[in-house]
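In: I'd like to go over a predicted model; first the sequence, then the structure.
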Amino acid sequence: MKKLIFVFLVVFAVVSVFSEVVNPDTFFYATIGEPDTLDPHYAYDTASGEVLYNVYENLIAYDGGSMADFVPLLSTAVPSVENGYLNDDGTVYVFPIRKGVTFHNGDPLTPEDVEYSFERALVFSPAAGPTWMLFEPLFGTHDIESMVEEYVGAAWGDIFDADMNPKSEYKQALIDFFNDVIDPAVEVEGDTVVFRLPKAFGPFMNILSQSSHWSGILDKEWCEGLGLWDGNADGWWKHHDWKKEDSPLYAQTNGTGPFKLVSWDRAQQKVFLERNDNYWREPAKLKQIVIAGIDEWSTRFAMLQSGEADLITTPAEYLPQVEELANVTVMSGLPTVNITALSFNWEIKPESKYVGSGKLDGEGVPLNFFTDENVRLGFAYAFNYQEFIDDTLNGLGINVPTVLPEGFLGYDGELEGYHLDFDKATNYFKRAFRGQLWQKGFKMTILYNTGNSSRQRSAEILRDNLAKINPKFKVEVAGVQWPSYLDARKNGTMPVYIIGWLADYPDPHNFIFTYYHSSGDYGKFYGEAFDAFARRPQPEFGGRSLNKMIELASVDPDPKMRQKLYVQIQEFVLDHGLSMALYQPLGLRAQRSWVKGYYRNPIRPGEDYYSLSKSE
Amino acid sequence: MPLVLIGVTLIVFSMMQILGPDKLLSAYVDANKLDKISIEEMEQLKDKYGLNDPLPIRYGKWLGNLVKGDLGWSIVGKEPVTQAIIHRLPYTIELALYALIPILGIGIWLGIKAAIHHNSWIDQLIRIFALVGWSLPDFVFGLVIILFFYVGVNWFPPQNLSNWAETIVRSAEYHQYTKFLTIDAILNLRFDIFWDALRHIIGPIITMSWLWWAYLLRITRSSMLEVLRKDYIRTARAKGLAEKEVINKHAKKNAMIPVVTVAGNMVIGLFMGVIIVESIFNRTGIGRFAARAAQQLDYASIMGSLLFSSVILIVGNLIIDISYALIDPRIRLE
């Protein structure tokens, strides 16, 4: 027996040494999770985005790590006023389509493919998907349903039966809707594709650029062959809002990108990509890419240590562990495009369970509590921003003045944000409600979504600080399930909400509009009092309203002017205490030192494998 | 059997229903998307996936589809549940079968050794070994194995195969006849891949083995001790039979009856107990699938895994009953 074990171990040792294959052509990324879907018009997560980024291509791309400069990709030019491809005050974009490009199946790229890709996105438009980003610049709305309802003059539910068959009286109107509204927005003209916007929209190029896989270019012929929409006006509605798994693009791709999808092995949680040797640019240096979902941190760590993985996803708490590894490069403090902020409800609904008595009597808060600027500013100066980042996020965060992340157009490091200042907070609170608040105190509940420990911690810090400022300031912190959280926000019963936003595209509009415009994704929940405030002419803006300023900043074609406008907006926002930007998280990357060619672009979902190579 | 299955599935289905449609929806929405989703979109999604339907209707639909062989869509598996199970099953069966060899062989051997050398230092040593194995959680032991045998000497890596082997297995020239990595490798005459697959399976096997060894050797030991005290053993010895013959011919076979019960249950347990090992070693299989389904409240996958486990349990117990009869003809007569 002993002999047998000895022989076994020796054989193993020998074979192990010889089976150590160092493969410089293969890149192995051990990460968490896996794609949600590979349909570019459904996917809205970074894991899917990473695969799509490397397989499909867009008309234009970001220039390396920049989030503001573009280079042509499937278009041969980046539209600008100078080159004559951006016309009519920034409302007509012309893209000359590159010739000689083929899809992975060999089909040539044509301008018709480009038109088809965008129209399919608009028609398909799945609920909770990314295509609202195309609706905003092209039609000034967020979804196709509301447009159809307006055009047809009937509610969506009345137009269609359960199987999405339209009632006979609406069928022609639906066909006309496509021909009159959707089709003219993106048109082929000769060798070019032309986008016509109702009004100028600053971030449009960002939305079209690579990283925004919803603007990736599909092969029309191939899609039709798979049973996807055929490009005709008649019957487009049958191809609207399918279940994720029903889309034939769910697990197969055919792009023009530097890598082809070999397989998405869902049993093994692995995506295999291989180099596209017929790529229109120089083929990639890496031959094979493996993106593996490995949920266990210790396994990922061991794989990096052994060299089997070239790159691993590393949560912030494991930074010290990876820093100790030899032959591993660790980059920490990498910028992200994510913000978490606390916003105020200016008009809490009377049925709220979170406002105590609902009166300014020390046992609750009045429903208009946060319309008083002094209350908002008092809260803003009662939070330890930097300490929170150091303690709760292990220092991996930035204390930003407003919700605009560092690195974005309009970000100004000179802007003085809020900091913990008990004296200032006390002064503001003493002025609030003509001194009554200070005398009587208040009681309210701050909610967080259960499981989100950093949001919970920030609410607790605020609670403790407010109690230190005045023992009569009583805040309870309560966790609720996410749907209840959303419900409370929608119903206007939540006094304040702590919520994050991950950039869809790297333009200030994506954050400023979301948080500060009274129609923004979050701003619309601040109540009618805020809406009135945001529409009111303001002396700081020369008589323009906050909403108007945000709209102007988004459409101005001059980046310098936009920068100025966004700084002005942020100064106003800070002066009036519209929200408390709690933190912008920072990223962390641990890779083997033989990985070369990496550059950071925070908006890119995952890796740009085209730029990477492996060498000692 | 169908009644048992209906009972089990109904209970679990009802338990999951307590969570309500809002919570169940979280399985369908990517975590990053949650901040941005609106209430209207949530309602739209709930309708789309039928989460607003009352329990009897949803259960009825599930049963109706089950009859058609459709277990629904697996969110974690990203394919239909039936497919998800079929695709993962060969990996788990292969692991369980390979694990059985050392578990049964060494476990029983140790148990008999301990019984024969009752109260000697060998017995004490084996009992300590059992105690440690029984007490050590497999997620800790698995990590120790990875640390020592993978990071340390690179013998037993995690996953199913190395990258180079994986590339060959995926190529058109390689035929996956049985979907068992080791058997396919032999059939393709790729002994390098066979060796690679074996290296990858050893870590999980060692991890699982110690726990089961501990269990099995204790049962074997006590059963053997009991048999050794029986009159017919004394008679055999009195007849002057050699000790080896007494043990092998008379004691061992009779001591095996309780062991078969345990071993049978152990096979069932191996199928279900791979959850941790498959997760730690990042191996594909039913266990990891079930664990992820439970974490993500993916009810279609949970129900599918449950159904699968129930079938294994029922069939497994049937096989155990049959094996009794084979070992002890008296049971058959009764």
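Out: Cool, the structure landed.
In: and the helix or strand where A:Y93 lies, which strands flank it?
Out: Here A:Y93 sits within strand A:92-96, counting by DSSP states H and E. Sheet pairing of strand A:92-96 (DSSP bridges) gives strand A:86-87 (antiparallel), strand A:192-196 (antiparallel).
In: neighbours around residue 185, how many?
Out: Using chain A here. 20 (other C-beta atoms under 10 Å in any protein chain shown). Placement of C-beta: from N, CA and C, glycine included.
In: meant chain B actually
Out: Quick note: B:A185 (other C-beta under 10 Å) scores 23 neighbours.
In: what of B:R199?
Out: For B:R199, using other C-beta under 10 Å, the count is 22.
In: by contact count, what packs against the helix or strand hosting it?
Out: Assigned by DSSP H and E, B:R199 falls within helix B:191-228. Where contact means 3 or more C-beta pairs under 8 Å, 6 or more residues apart in numbering or on different chains; DSSP states H and E, helix B:191-228 is packed against helix A:2-18, helix B:81-116, helix B:121-135, helix B:138-145, helix B:163-170, helix B:181-187, helix B:252-272, helix B:274-280.
In: list the buried residues for it?
Out: B:193-221, B:223-225, B:227-228 (16 or more other C-beta atoms under 10 Å in any protein chain shown).
In: in CSV: the helices and strands packed on helix B:191-228, plus mean pLDDT and distance to B:V246.
Out: Below are the helices and strands packed on helix B:191-228 laid out as CSV (pLDDT from 0 to 100; distance: least, C-beta to C-beta, whole Å):
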stretch, mean pLDDT, distance to B:V246
helix A:2-18, 49, 27
helix B:81-116, 89, 10
helix B:121-135, 88, 18
helix B:138-145, 87, 37
helix B:163-170, 86, 49
helix B:181-187, 92, 39
helix B:252-272, 78, 10
helix B:274-280, 86, 39
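In: redo those helices as CSV? Include distance to A:A590.
Out: As requested, the helices and strands packed on helix B:191-228 are exported to CSV (distance: least, C-beta to C-beta, whole Å):
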stretch, distance to A:A590
helix A:2-18, 25
helix B:81-116, 29
helix B:121-135, 34
helix B:138-145, 19
helix B:163-170, 19
helix B:181-187, 30
helix B:252-272, 35
helix B:274-280, 20
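In: looking at those, which is nearest to A:D158?
Out: Smallest distance to A:D158 across the helices and strands packed on helix B:191-228 (C-beta to C-beta): 35.6 Å, for helix B:81-116.
In: domains for chain B, by residue range?
Out: Under the assignment automatic domain parsing, the domains of chain B span B:2-70, B:80-327.
In: got JSON lines for those, with distance to A:Q563 too?
Out: As requested, the domains of chain B are exported to JSON lines (distance: least, C-beta to C-beta, whole Å):
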{"stretch": "domain B:2-70", "distance to A:Q563": "26"}
{"stretch": "domain B:80-327", "distance to A:Q563": "43"}
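In: quickly compare the ones you listed and say which is most buried.
Out: domain B:80-327 (a mean of 18; mean count of other C-beta atoms under 10 Å in any protein chain shown).
In: end-to-end on that domain?
Out: Domain B:80-327 has an end-to-end distance of 41 Å (C-alpha to C-alpha, to the nearest Å).
In: just give me the residue closest to the centre of chain B.
Out: By C-alpha atoms, centre = their mean, chain B has its centre lying nearest to B:F271, at 1.9 Å.
In: hmm, back to that, would you tell me whether the helix or strand following the strand holding A:Y93 gets close to chain B?
Out: The element immediately downstream of strand A:92-96 (helix or strand, assigned by DSSP H and E) is helix A:111-124. No - Helix A:111-124 does not reach chain B (C-beta under 8 Å from any C-beta of the partner chain); its nearest approach is 13.9 Å.
In: next secondary structure after helix A:111-124?
Out: Next along from helix A:111-124, by DSSP H and E: helix A:132-139.
In: quick one: that next one near chain B?
Out: No - applying C-beta under 8 Å from any C-beta, one finds helix A:132-139 separated from chain B by no less than 9.5 Å.
In: now do stretch A:344-356
Out: No - using C-beta under 8 Å from any C-beta, stretch A:344-356 stays clear of chain B, coming no nearer than 14.6 Å.
In: and that stretch, average pLDDT?
Out: Averaged across stretch A:344-356, pLDDT comes to 94.
In: got the end-to-end distance for that stretch?
Out: 17 Å.
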